[in-house]
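[1] Can you look at this prediction? I've put the sequence above it.
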Amino acid sequence: MNPIYLGAFIDKEGKISLEKGAYRCQRQARSRFGAWKLYSYQYIPHDWSLYADHLTMQFRPTDLQLKEFLPFVGHDVSLVCSHIINDDKCLAVLVSNIVSPVTAHHLLFDKIKHPHVTVACHNSVVPKYSKGLAEQYKAPGALSPVVKVRARLGVFDGETGKPYFGEDNV
């Protein structure tokens, strides 16, 4: 395994919930994005790409961080997304909490300076752009209502190009 990052990976239903929640918030704020179009559940502009697939908890984890995280891989959690951040190139949501029956999130979540999920980006930027946006954004707009999405703790494996969720890799 080549661990690229440790994260909480969002399921398909959660991805749609994030997109719809962000769309509602943008519509209410009369966003500067202009007309959004619906493309098979995609409430994003036609020249943007939808992501909304994970929360990065640790990029390039050390051996110790990986060892501490592995017992929790495969556990289901809920991400509480409370605020939207955006500019003319990117749309993301801030994650205010991880609700979990296990304590894995305390290993890393409390250390993330600006926990967020990239929802969508203009095709001219990469999803990593949202990290800088989250760091500089001062007054995020509140999601109404707060969006809670299901996710599964895992390790993104650079060898397979997919998340690893444990021995069963469900």
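    Thanks, I have it. It should be emphasised that the depicted structure is a prediction, and the values quoted were computed from it without experimental measurement. Numbering: from 1, shown residues only.

[2] tell me the centre residue of this protein?
    Val117 (2.4 Å; Cα atoms, centre = their mean).

[3] In the strand ranked longest in the chain, which residues are buried?
    Counting residues, the longest strand in the chain under DSSP state E turns out to be strand 141-157. Using 16 or more other Cβ atoms under 10 Å as the burial criterion, the residues of strand 141-157 that qualify are Gly141, Leu143, Val147, Val149, Arg150, Ala151, Arg152, Leu153, Gly154, Val155, Phe156, Asp157. Bear in mind the C-beta positions are built from the backbone N, C-alpha and C, glycine included.

[4] do stretch 4-19 as well
    Using 16+ other Cβ under 10 Å as the test for burial, stretch 4-19 gives 4-10, 14-19.

[5] related to what we said a few turns ago, tell me the strands beside the longest strand of the chain, with direction?
    Note on strand 141-157: by DSSP bridges, its sheet partners are strand 3-10 (antiparallel), strand 76-86 (antiparallel), strand 162-164 (antiparallel).

[6] Can you give the distance from it to the centre of its chain?
    6 Å (Cα atoms, centre = their mean, to the nearest Å).

[7] This protein: helices as residue ranges?
    12-28, 63-69, 104-108, 129-136 (DSSP state H).

[8] Let me see the residues that make contact with the last one.
    Yep, that's helix 129-136 we're talking about. For helix 129-136, the external contacting residues (Cβ atoms under 8 Å, 6 or more residues apart in numbering) are Ile85, Asn86, Asp87, Lys89, Cys90, Ala92, Leu94, Lys113, His114, His116, Thr118, Cys121.
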